[in-house]
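Asks: structural data only, the sequence is not supplied:
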């Protein structure tokens, strides 16, 4: 489904006078989220009475806004929306790599750029995964001529986001090569942490775990908070429920789950072995008193485009 704040797109390919409302409702349940949606139509425009029936049913289950358009426009809107989000994230990821090269705190640059300036709205950098953004740009180009695709900024943005994951992989592998850690812990294998999900498709955290696990499966562990452990359905994924703070650890925070900013998780990190290193792909942690350089035993922490 397409997620764009409160908008969803539901294409209905063949409509019939008898089954029209049922087709739409089935598509709603299979594709919708949040509380408004766009329904595409062919014959629906010519049967206004069905619009009122559909509106009545959907209003009862929580959808307050309905937009009606044609099939191609509805499908195109979904692809355009996700391609746009992918494009904006690629800009942030590129400037984070520039910040990395120049040793400039790009998170602070973004904060200042966005401050009381609505035209900016630059998102924070981070891995771009999941079942929609990783494929919709390619679907958008599927029927186009090669000449259009070759010069497309959208295509280059998608490639940059794919390359950004490799950039993060290389950074983490270099840290492992430069220092011996007792354990590597990947925190956050769902492709996103907010809102909560068990979806690991095109997930940076899961891909990272798979890569490291192929080299040494006893060396690499996954940590998830209780609410994620309860919904993950893959029993083959070895997830620990507690981090061994006595070992020197390379900890990678791979998604943007709210849990990583909680007092509970921060307390664990504050008690880590002094040889440990924390890498955050989204810079989401708070309340880490040992990040202070004046602390007796400061923690080592870094994120892309930001050395702390």
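Replies: Right, received. Where do you want to start? Bear in mind the structure is a predicted one, so any value in this text is a computation, not a measurement.

Asks: use CA for all of it now, contacts and neighbours both
Replies: OK.

Asks: show the pLDDT at the most centrally placed residue in the chain.
Replies: Compute the mean C-alpha point of the chain, and by C-alpha atoms, centre = their mean the closest residue is residue 192, 4.1 Å away. pLDDT for residue 192: 91.

Asks: which of the three states applies to residue 90?
Replies: With DSSP: H, G, I helix; E, B strand; the rest coil as the basis, residue 90 sits in helix.

Asks: contacting residues around it?
Replies: Residues near residue 90 by C-alpha atoms under 8 Å, 6 or more residues apart in numbering: 125, 157-158, 160-161.

Asks: can you map out the helices along this structure?
Replies: For the chain, the helices defined by DSSP state H cover 20-31, 48-60, 71-102, 106-114, 136-140, 146-150, 153-178, 204-215, 226-229, 263-270.

Asks: including distance to residue 248 and mean pLDDT, could those helices go into JSON lines?
Replies: Below are those laid out as JSON lines (distance: least, C-alpha to C-alpha, whole Å; pLDDT from 0 to 100):
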{"stretch": "helix 20-31", "distance to residue 248": "45", "mean pLDDT": "44"}
{"stretch": "helix 48-60", "distance to residue 248": "54", "mean pLDDT": "71"}
{"stretch": "helix 71-102", "distance to residue 248": "25", "mean pLDDT": "91"}
{"stretch": "helix 106-114", "distance to residue 248": "27", "mean pLDDT": "93"}
{"stretch": "helix 136-140", "distance to residue 248": "40", "mean pLDDT": "93"}
{"stretch": "helix 146-150", "distance to residue 248": "46", "mean pLDDT": "90"}
{"stretch": "helix 153-178", "distance to residue 248": "12", "mean pLDDT": "88"}
{"stretch": "helix 204-215", "distance to residue 248": "17", "mean pLDDT": "87"}
{"stretch": "helix 226-229", "distance to residue 248": "23", "mean pLDDT": "90"}
{"stretch": "helix 263-270", "distance to residue 248": "12", "mean pLDDT": "85"}
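
Asks: need phi/psi at residue 119.
Replies: Dihedral angles of residue 119 (phi, psi; degrees, to the nearest 10) stand at phi -70, psi -20.

Asks: now it: how far from residue 113?
Replies: From residue 119 over to residue 113 the distance is 10 Å, taken as C-alpha to C-alpha, to the nearest Å.

Asks: compare neighbour counts for those two and give me the winner.
Replies: More neighbours surround residue 113 than the other of residue 119 and residue 113, with 15 against 8 (other C-alpha atoms under 10 Å).

Asks: that older thread, and the contacts of residue 90, which two are furthest apart?
Replies: Among the contacts of residue 90, the pair separated by the greatest distance (C-alpha to C-alpha) is 125 and 158, at 13.9 Å.

Asks: wait, what's in contact with the closest residue to the residue nearest to the centre of the chain other than its chain neighbours?
Replies: In this structure, residue 192 finds its nearest non-sequential neighbour in residue 255, 5.3 Å apart by C-alpha to C-alpha, 6 or more residues apart in numbering. Contacts for residue 255 (C-alpha under 8 Å, 6+ apart) come out as 127, 187-193, 204-205, 281-282.
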